[in-house]
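Engineer: coords please:
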Amino acid sequence: MKSNLFISALFATAFSIAGYNSANANPKNKTKIEKPVSAAATKIQVALLLDTSSSMEGLIDQAKSRLWNIVNTLTTLKYEGKTPDIEIALYEYGNSGLSEKSNYIRQITPLSTDLDLISEQLFALRTNGGNEYCGAVIQDATKELKWANENNSMKLIYIAGNEGFNQGKISYKEAISSALKNDIYVNTIFCGNKTEGINIFWKDGADIGKGKYFNIDANQSVEYIATPYDDEITKCDEKINKTYINYGSKGEAKKMNQVMQDQNAKKVSKANYTDRAVSKSKAVYKNESWDLVDKTKDDAAALSKIKKEELPVELQGKSTEELQKIVAEKTKERETIQKEISVLAKKRQAYIDTEAKKTKKQDDLGNTINTSIVSFAKVKGYTVEK
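Structural biologist: Just a heads-up that it's a prediction; the model follows:
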């Protein structure tokens, strides 16, 4: 069978408000605070449902090429002047290597703030022929993921492909209606002719889900605009990696994966690597699960709780006071580099915006998702700060 349903949902950005049931809402997990829960609890959640059936290499390449660009678009969104947490989930579907009992669907990652993990899993995807059931994967994402329940959060699903949207035993209409009841908005991206996508129900899916319907050429190579600031930003990225201090049983592996995802981004293009470097300067790129600098921001007393054997060998003989001094120095160093990248990134984006006006805008996966994210965010009361 044809198998070209594209992955869509990139890093791009599922946003949500209410949890789909009391189990996922889990009020026990809420922090007790005196002030009203508003921007501090606000989340931007993105579920990316990726078709990994045969002939999807071009689409996956677009996803790899646009991941960090989409993340950077998300970081421009503010609610009441604050940056929401960004969580991304990945699903693959339509791959014959997956179980028939699961409708050829696999949750790759749950909603997560671990952006390096998202990148790692995205680059690990491989295509294989299969059956593409849009209704089933939308239903799974709606029911399985822990969607936010704060009214100001945004929850979005992106799904793309080029086969009939109505395939499979699970009705796409019922699956999308269930998502919408929980304020999860469904966007569809058809990889092919716009009229054909309408005829095989991709637009109908977006209409029911109160999302956007798009069509793209999934096999088109992503076009980049080189800028005079790219080299400076990537040099900063090399310096910022040296400010990370791993800890815990997975700390060393996570630090190595950070470098690996730098290399993956670099293999795609210089512009993609620069986009990733910009993302690493943002508050949404946080690694408190393995980095002491981020961990101490989250928990000021963290250093007194960590066991010596959880530290890198060169730090195991240090006292708590010595560790505090080292972490403080790395924190200051990282903040200085992040500010430098931030200044350069604004100049870079201004250059890109100016150059982009000279040519017709490319309708690739990233531009499509970025446009819809900003449009939806404004409706939800978010502001865009570049």
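
Engineer: Scan the protein for its longest helix.
Structural biologist: In terms of residue count, the longest helix belonging to the chain (DSSP state H) is helix 320-356.

Engineer: How many neighbouring residues does the residue lying closest to residue 173 once chain neighbours are set aside have?
Structural biologist: Ranked by CB to CB, 6 or more residues apart in numbering and with sequence neighbours excluded, the top spatial neighbour of residue 173 is residue 208, at 5.9 Å. Using the backbone N, CA and C atoms, a C-beta is placed for each residue, glycine as well. Residue 208 has 19 neighbours, counted by other CB atoms under 10 Å.

Engineer: what's the distance between residue 208 and residue 201?
Structural biologist: From residue 208 over to residue 201 the distance is 10 Å, taken as CB to CB, to the nearest Å.

Engineer: Name the residues contacting each of the two.
Structural biologist: Residues touching both residue 208 and residue 201 (CB atoms under 8 Å, 6 or more residues apart in numbering): residue 172.

Engineer: buried stuff in the longest helix of the chain?
Structural biologist: Residues 323, 326-327, 330-331, 334, 337-338, 340-341, 344-345, 348-349, 351-352 are the ones in helix 320-356 that count as buried (16 or more other CB atoms under 10 Å).

Engineer: What is that helix packed up against?
Structural biologist: Packing partners of helix 320-356 (3 or more CB pairs under 8 Å, 6 or more residues apart in numbering; DSSP states H and E): helix 230-240, helix 270-279, helix 292-298, helix 302-305.

Engineer: could the ones you listed go into CSV alongside mean neighbour count?
Structural biologist: Supplementary listing: those in CSV, determined by neighbours: other CB atoms under 10 Å:
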stretch, mean neighbour count
helix 230-240, 18
helix 270-279, 24
helix 292-298, 20
helix 302-305, 14
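
Engineer: Downstream of the longest helix of the chain, the next helix or strand is which one?
Structural biologist: Counting by DSSP states H and E, the next helix or strand C-terminal to helix 320-356 is helix 365-379.

Engineer: Quick check: the closest residue in space to residue 283 that isn't next to it in sequence vs residue 73, distance?
Structural biologist: Take residue 283 and drop its neighbours on the chain: the residue closest to it by CB to CB, 6+ apart is residue 83, 5.3 Å away. Between residue 83 and residue 73 the computed distance is 13 Å (CB to CB).

Engineer: Neighbour count: those two, which is higher?
Structural biologist: Shown here are residue 83 and residue 73; by other CB under 10 Å, residue 73 has more neighbours (23 against 18).

Engineer: What sits closest to the more buried one if chain neighbours are left out?
Structural biologist: Nearest residue to residue 73, sequence neighbours excluded (CB to CB, 6+ apart): residue 370, at 4.5 Å.

Engineer: now swap in residue 260 and tell me
Structural biologist: For residue 260, ignoring the flanking residues on the chain, the nearest one in space by CB to CB, 6+ apart is residue 120 at 7.1 Å.

Engineer: Can you get me a residue count around that neighbour?
Structural biologist: Residues lying near residue 120 (other CB under 10 Å) number 16.

Engineer: Kindly report the same for residue 269.
Structural biologist: Residue 269 has 16 neighbours, counted by other CB under 10 Å.
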